[in-house]
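**Student:** Quick one: sequence plus predicted model below, questions after.
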Amino acid sequence: MKSKILHEVAGQRTVALIFETGDKVMSTLTEFATKSGLSGSHFTAIGAFQVATLGYFDWNVKDYKHLPVNEQLEVVALIGDVAAGPNEKPKVHAHVVLSKSDGTALAGHLLEATVRPTLELILTESPVHLRRVHDPVSGLALIRP
Amino acid sequence: MKSKILHEVAGQRTVALIFETGDKVMSTLTEFATKSGLSGSHFTAIGAFQVATLGYFDWNVKDYKHLPVNEQLEVVALIGDVAAGPNEKPKVHAHVVLSKSDGTALAGHLLEATVRPTLELILTESPVHLRRVHDPVSGLALIRP
Amino acid sequence: MKSKILHEVAGQRTVALIFETGDKVMSTLTEFATKSGLSGSHFTAIGAFQVATLGYFDWNVKDYKHLPVNEQLEVVALIGDVAAGPNEKPKVHAHVVLSKSDGTALAGHLLEATVRPTLELILTESPVHLRRVHDPVSGLALIRP
């Protein structure tokens, strides 16, 4: 993954993150967020995956069901944000719509995915921090502004 | 729903809107837009719904078909804008991709939805107004810049 | 298609592009990008299409499979970017999620589509250029920052 700053004004920065074949999206993005100290970012991306694992939050079980998809997929809409987690480390939260060879769509919480051949992600970091706090009802760490 | 200003420069403001369990998205967002006097905004969001009603504009009937979905759904891609309606009041327009427990996607015009447990929405308001005007062909109020 | 500048600061410009019935999205957007000299832009859009052709990049064949859809469709999530192509001309890259009358989703690379009755697109052009370079492995022109 390579990054390039596109714009910077009054503490807000926009960056292009271009992932390459073999890059793991969530771990690479989390590593970038940690190195860059991100805590109030949002992003969108398009591209393609070689393989992906989606998640669906089962409200009865209060945990994510894992949905692995083992085929070349178009990344049609990847949307997400970065906030400080309960442990103070940057936490990436991303959802994604994927498409298969017949144009049908799969969608869900993005657990992990491997890029092939590219993912074009535009991220905007704001000067104001967002923080996630443990929510006892869902068991999730939710943003509390 | 709680909001937090993330950035402000030269009349453009970026705000995080964090919805909580039970919040009705369209009515809450419309109320926020009215109170804040929004008329040139765009936004994206991810999160989850307890229940939602999608719409599909039937071109033959010139009206929205209602598609209620009564199950816990991932909000995978919520995209929309706010412009001044023909009555001068802020009009929220949003489309959404939802996913079910097996990863299949449902999508459409967002008529209304109830959040559970969160919706993380990033909205950018510009200093320039957008206006909707009644379109006699479709019967819809379309943006005329 | 009509455009309106929403915001401009430190070399970054945000523009609303409002497409009308009959507008071809990709050719109209490419024409706008060429006239405006865009080379580092990203955008999102919602609206509706009368007809569309999606693409799926078949990794084995290294080419796009064409998936024509001949019915009125909600444009639920259109995400894309503009970068300078290998020939120096602006190259628009867009992916889209569409929905049918029963709320099912189709998704993929956007080859072309005809608007009906509107497409509301918000584009941000940065002062920094992005460039596409021919990738011998995929045969595609990928952004190399």
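**Tutor:** In hand now; what should we look at?
**Student:** CA atoms for contacts and neighbours, from now on please.
**Tutor:** Fine.
**Student:** Neighbours of the nearest residue to residue A:50 once chain neighbours are set aside, how many?
**Tutor:** In space, and not counting its chain neighbours, residue A:50 is closest to residue A:72: 4.5 Å by CA to CA, 6 or more residues apart in numbering or on different chains. The number of residues packed near residue A:72 is 24, by other CA atoms under 10 Å in any protein chain shown.
**Student:** Show me which residues of chain A sit near chain B.
**Tutor:** Taking CA under 8 Å from any CA of the partner chain, the part of chain A that reaches chain B is made up of A:9-12, A:40, A:42, A:54-59, A:65, A:67, A:77-80, A:94-97, A:105-109, A:126-129, A:138, A:142-145.
**Student:** partner residues bridging the residue at minimal distance from the centre of chain A?
**Tutor:** The C-alpha lying nearest the average C-alpha coordinate of chain A belongs to residue A:94 (CA atoms, centre = their mean; 3.3 Å). Assessed by DSSP bridges, residue A:94 has beta-bridge partners residue A:80.
**Student:** Who are the contact partners of it?
**Tutor:** A:78-81, A:109-110, B:46 (CA atoms under 8 Å, 6 or more residues apart in numbering or on different chains).
**Student:** To what extent is residue A:103 buried, counted in neighbours?
**Tutor:** Counted with other CA under 10 Å, residue A:103 comes out at 25.
**Student:** close enough to count as contact, it and residue C:57?
**Tutor:** No - taking contacts as CA atoms under 8 Å, residue A:103 lies outside contact range of residue C:57: 10.8 Å.
**Student:** Check chain A for its longest strand and report it.
**Tutor:** In chain A, with assignment by DSSP state E, the single longest strand is strand A:105-125.
**Student:** Please see if it touches chain C.
**Tutor:** Yes - Strand A:105-125 reaches chain C (CA under 8 Å from any CA) through A:105, A:117-118, A:120, A:122.
**Student:** Would you mind writing the ChimeraX command to select the buried ones in these?
**Tutor:** Buried subset of those, written as a ChimeraX selection, criterion 16 or more other CA atoms under 10 Å in any protein chain shown:
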select /A:105,117,118,120,122
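**Student:** Closest one of the residues of strand A:105-125 next to chain C to chain C?
**Tutor:** Chain C lies nearest to residue A:105 out of the residues of strand A:105-125 next to chain C, by CA to the nearest CA, at 5.5 Å.
**Student:** wait, what's in contact with the nearest residue to that closest one once chain neighbours are set aside?
**Tutor:** Using CA to CA, 6+ apart and skipping residues adjacent in sequence, the residue nearest residue A:105 is residue A:99, 4.5 Å away. Residues counted as contacts of residue A:99 (CA under 8 Å, 6+ apart) are A:73-76, A:105-106, C:56, C:106-108.
**Student:** Name the nearest of those residues relative to chain B.
**Tutor:** residue A:106 (5.0 Å).
**Student:** So residue A:101, which state does it fall into?
**Tutor:** With DSSP: H, G, I helix; E, B strand; the rest coil as the basis, residue A:101 sits in coil.
**Student:** Looks like it contacts residue C:54 (just checking).
**Tutor:** No - between residue A:101 and residue C:54 there is no contact under CA under 8 Å: 10.2 Å.
**Student:** The two: which is more packed in?
**Tutor:** Neighbours were counted for residue A:101 and for residue C:54 using other CA under 10 Å; residue C:54 has more, 24 against 20.
**Student:** Next up, identify which helix or strand the more buried one is on.
**Tutor:** Taking DSSP states H and E as the definition, residue C:54 sits inside strand C:40-58.
**Student:** Can you give the strand pairings for the helix or strand that comes right after that strand, parallel or anti for each?
**Tutor:** Next in sequence after strand C:40-58, counting helices and strands by DSSP H and E, comes strand C:63-69. Strand C:63-69 has its sheet partners listed here by DSSP bridges as strand C:40-58 (antiparallel).
**Student:** Could I get the average pLDDT for the partner strand?
**Tutor:** Averaged across strand C:40-58, pLDDT comes to 98.
**Student:** chain center to it, what's the gap?
**Tutor:** Centroid separation for strand C:40-58 versus its chain: 5 Å, with CA atoms, centre = their mean, to the nearest Å.
**Student:** what's the angle from it to strand A:105-125?
**Tutor:** Following axes from the mean of the first three to the mean of the last three CA atoms, to 10 degrees, one obtains 160 degrees for the angle between strand C:40-58 and strand A:105-125.
**Student:** Dump strand C:40-58 to CSV, restricted to CA.
**Tutor:** Extracted in CSV, the C-alpha atoms of strand C:40-58 (Å, rounded to 0.1, in the frame of the first residue of the first chain):
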residue,chain,number,x,y,z
GLY,C,40,-7.2,14.0,-8.6
SER,C,41,-11.0,13.7,-7.8
HIS,C,42,-13.3,11.4,-5.9
PHE,C,43,-17.1,11.4,-5.9
THR,C,44,-20.3,9.7,-4.6
ALA,C,45,-23.8,9.8,-6.2
ILE,C,46,-27.4,8.6,-5.8
GLY,C,47,-30.3,8.7,-8.2
ALA,C,48,-31.9,6.4,-10.8
PHE,C,49,-31.1,4.9,-14.2
GLN,C,50,-33.3,3.9,-17.0
VAL,C,51,-30.7,1.3,-18.2
ALA,C,52,-27.2,0.4,-17.2
THR,C,53,-24.3,-1.9,-18.2
LEU,C,54,-22.2,-3.3,-15.4
GLY,C,55,-18.8,-4.9,-15.7
TYR,C,56,-17.0,-7.6,-13.8
PHE,C,57,-13.3,-8.0,-14.2
ASP,C,58,-12.7,-11.7,-15.0
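**Student:** pretty sure residue A:113 is in contact with residue A:21, am I right?
**Tutor:** No - with contact defined as CA under 8 Å, residue A:113 does not count as touching residue A:21 (10.9 Å).
**Student:** neighbour count winner among those two?
**Tutor:** The neighbour comparison of residue A:113 against residue A:21 (other CA under 10 Å) goes to residue A:113, with 21 against 15.
**Student:** I'd like to know how many residues surround residue A:31.
**Tutor:** Count around residue A:31 with other CA under 10 Å applied: 14.
**Student:** For it, report the pLDDT, please.
**Tutor:** At residue A:31, the pLDDT value in this model is 98.
**Student:** wouldn't residue A:48 be in contact with residue A:120 here?
**Tutor:** No - contact criterion CA under 8 Å: residue A:48 and residue A:120 do not qualify, at 9.3 Å.
**Student:** For the residue lying closest to residue A:10 once chain neighbours are set aside, grab phi and psi.
**Tutor:** Among residues not flanking residue A:10 along the chain, residue B:9 sits closest, at 6.8 Å (CA to CA, 6+ apart). The phi/psi pair for residue B:9 (degrees, to the nearest 10) reads phi -160, psi 130.
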